[in-house]
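Student: kindly return the folded structure for what I paste below:
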Amino acid sequence: MAHPKRRSSNSRTGKRRTHWKLKAVNTTACPNCGSTRIPHRVCGNCGYYNGREVIEGEGI
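Tutor: Numbering: from 1, shown residues only. Sure thing, here's the model as predicted:
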């Protein structure tokens, strides 16, 4: 089995891992109550999705 001849430096490791970052979560405004929510998910504030109440929420 082949082994590395030299230890890879921290800067080289960091250059390889530059694309490992997290992406920001995309959010939209709920058309029913106006709070922010993740697209294609039930609103956690009012419980509405696609114009109808899916989960019994606290209300507006």
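Student: after the helix or strand hosting Gly14, which helix or strand is next?
Tutor: Using DSSP states H and E, Gly14 maps to helix 10-16. Downstream of helix 10-16, the next assigned helix or strand under DSSP H and E is strand 28-29.
Student: for that next one, name the packing helices and strands.
Tutor: strand 36-37 (3 or more CB pairs under 8 Å, 6 or more residues apart in numbering; DSSP states H and E). In short, each C-beta sits where N, CA and C put it, glycine included.
Student: who does the strand it packs on pair up with?
Tutor: strand 28-29 (antiparallel) (DSSP bridges).
Student: quick one on the thing from earlier: off-centre distance for the helix holding Gly14?
Tutor: How far helix 10-16 lies from its chain's middle: 26 Å, per CA atoms, centre = their mean, to the nearest Å.
Student: okay, buried residues for it please.
Tutor: Judged by neighbour count using 16 or more other CB atoms under 10 Å, helix 10-16 contains no buried positions.
Student: tell me the mean pLDDT for it?
Tutor: Here helix 10-16 scores 96 as its mean pLDDT.
Student: next, the buried residues of stretch 36-53.
Tutor: Under the neighbour-count rule (16+ other CB under 10 Å), stretch 36-53 has 37, 42-43, 45-49 buried.
Student: the residue nearest to the spatial centre of the chain - nearest residue in space that isn't next to it in sequence?
Tutor: Central residue of the chain (CA atoms, centre = their mean): Val25, 3.5 Å from the mean position. Using CB to CB, 6 or more residues apart in numbering and skipping residues adjacent in sequence, the residue nearest Val25 is Ile38, 6.6 Å away.
Student: so that neighbour makes contact with Ala29?
Tutor: No. Ile38 lies out of contact with Ala29 (CB atoms under 8 Å); the separation is 11.6 Å.
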